[in-house]
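# Fold the following, please.
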Amino acid sequence: MKISQISEYSLPAEGGLPPLQAMIYEELCRRPDEVFEYQGEELLRLFPRMKRSALNWSLWLLAKSGHIAKMRVRVSGRLTTVYGTQEAVDALKQRMSMPTDAPVATGAAS
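A predicted model of the protein is given here:
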């Protein structure tokens, strides 16, 4: 294979994302109300031909470059990292900071 063919298809054009990262980023943007667990199965089901290592590496690179956000949370009793759009992670942070045993306001004052 010629070098020109490799660089033409592998390198991001004008500062854009590489094709694999762009594909994952677009899927995350379509799901602004979801976060995805590192080493999780949800995204692998969406991309069945993708290797787990490629998916995890792409998530890490997207978070490192600031395209998506990540957060450490406890899921089913174990600490894990979740990835999602900035809006999704911000919503999760807000939900995690809400008191769970606070009384619900009814709107009527006595």
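
# where in the protein is pLDDT low?
Where the chain drops to pLDDT under 70, the residues are 1-15, 98-110.

# and Tyr83, how many neighbours?
Residue crowding around Tyr83 was assessed by other CB atoms under 10 Å; the count is 24. In short, each C-beta sits where N, CA and C put it, glycine included.

# and whatever helix or strand it lives in, how far out from the chain's middle?
Secondary structure from DSSP states H and E places Tyr83 in strand 78-84. Distance of strand 78-84 from its chain centroid, counting by CA atoms, centre = their mean, to the nearest Å, is 10 Å.

# Sheet partners, orientation included, of it?
The strands that strand 78-84 pairs with in its sheet are strand 36-37 (antiparallel), strand 69-75 (antiparallel) (by DSSP bridges).

# Can you give me the buried ones in that strand?
Thr81, Val82, Tyr83, Gly84 (16 or more other CB atoms under 10 Å).

# Return the member of these nearest to Leu44.
Distances from Leu44 to these, taken as CB to CB, are shortest for Tyr83 (13.2 Å).

# so what's the nearest residue to Tyr38 once chain neighbours are set aside up against?
In this structure, Tyr38 finds its nearest non-sequential neighbour in Thr81, 4.3 Å apart by CB to CB, 6 or more residues apart in numbering. Taking CB atoms under 8 Å, 6 or more residues apart in numbering as the criterion, Thr81 is in contact with Glu37, Tyr38, Lys70, Met71, Arg72, Val73.

# Neighbours of the last one, how many?
In this case it means Val73. Based on other CB under 10 Å, the number of other residues close to Val73 is 16.

# try the third one
Using other CB under 10 Å, Lys70 has 18 other residues around it.

# ok, it touching Ala63?
Yes - between Lys70 and Ala63 there is a contact under CB atoms under 8 Å: 4.5 Å.

# what touches both of the two?
Residues touching both Lys70 and Ala63 (CB under 8 Å, 6+ apart) are Tyr83.

# bridging residues for the closest residue to Asp90 other than its chain neighbours?
Closest residue to Asp90 apart from its sequence neighbours, by CB to CB, 6+ apart: Ala69 at 7.5 Å. Beta-bridge partners for Ala69, by DSSP bridges, are Gly84.
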